[in-house]
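Participant: What shape does this take:
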Amino acid sequence: MSRIGNKPITIPAGVSVEVNGQNVTVKGPKGTLSMDINKLISAQVEGNTLTVTRPNDEKETKALHGLTRSLVNNMVVGVSEGFKKELEINGVGYRAAKQGKELVMNLGFSHQVRIPEVDGITIDVPNANSVVVSGADKQKVGQMAAEIRMKRPPEPYKGKGVKYVDEVIQRKEGKAGKGKK
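Facilitator: Residues are numbered from 1 along each chain as shown. Just a heads-up that it's a prediction; the model follows:
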């Protein structure tokens, strides 16, 4: 029995959900998201709740049931509240700035690292050492944050680099000096 798949999704005020065959479209104040669900799964809107159902209890169908419900719920939350990922930049001379629609970072390379904004994603730089990626699509927000982090991942000796705010870097001890036992 899928516990996640059986939970109904509550549709908040200001959000409209439209089910057209296998296509689910969610419209809200933060934007519009659309997704095609698997043919084994069906979705129905009843009042201000959306339910996702499956026809049988086969293993594949049960897995798709919970997955589909989670993806549709993420769409509803995204268009009503939005998602955000916060990144932190550590290191001497490492900093970020916003120039137009582009994130410009100095990360210890001989050149500046430039990352353009993608449609539906906004990049904010509240100060020189933090970057906030936000948007309605959870997958796009996470992907953009991961791409920014991969430009200079945190290293384990000094902790320099780009990391998530809630990420804990496992620190390593440097090499032992000569003559120490």
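
Participant: Could you measure from Leu67 over to Met75?
Facilitator: Distance, Leu67 to Met75, by CB to CB, to the nearest Å: 13 Å. Yep, even glycine has a C-beta here, placed from its N, CA and C like the rest.

Participant: which one of those two has more residues nearby?
Facilitator: Each of Leu67 and Met75 had its neighbours counted (other CB atoms under 10 Å), and the higher figure belongs to Met75 (24 against 17).

Participant: is it true that the more buried one lies in a strand?
Facilitator: No - looking at Met75 with DSSP: H, G, I helix; E, B strand; the rest coil, it is helix, so not inside a strand.

Participant: What score does it have for pLDDT?
Facilitator: At Met75, the pLDDT value in this model is 95.

Participant: Report the separation between the closest residue to Ile121 other than its chain neighbours and Val118.
Facilitator: Computed as CB to CB, 6 or more residues apart in numbering, the closest residue to Ile121 that is not its neighbour in sequence is Gly135, at 4.2 Å. As for Gly135, its distance to Val118 is 8 Å (criterion: CB to CB).

Participant: likewise Asp57?
Facilitator: As defined by CB to CB, Asp57 lies at a distance of 40 Å from Val118.

Participant: Neighbour count for those two, which is higher?
Facilitator: When neighbours are counted by other CB under 10 Å, Val118 comes out ahead of the other of Asp57 and Val118, with 17 against 10.

Participant: Make sure the more buried one is actually in contact with Met144.
Facilitator: Yes - with contacts counted by CB atoms under 8 Å, Val118 reaches Met144, the gap being 6.2 Å.

Participant: Dihedrals phi and psi, the residue nearest to the spatial centre of the chain?
Facilitator: Centre of the chain computed as the mean C-alpha position; nearest residue by CA atoms, centre = their mean is Gly142, 2.8 Å away. Here is the backbone geometry of Gly142 (degrees, to the nearest 10): phi -60, psi -40.

Participant: In contact with it: list those residues for me.
Facilitator: For Gly142, the contact set (CB atoms under 8 Å, 6 or more residues apart in numbering) comprises Phe83, Lys85.

Participant: if we can go back for a sec, count residues in the vicinity of the residue nearest to Ile121, would you?
Facilitator: By the criterion of other CB under 10 Å, Gly135 has 24 neighbours.
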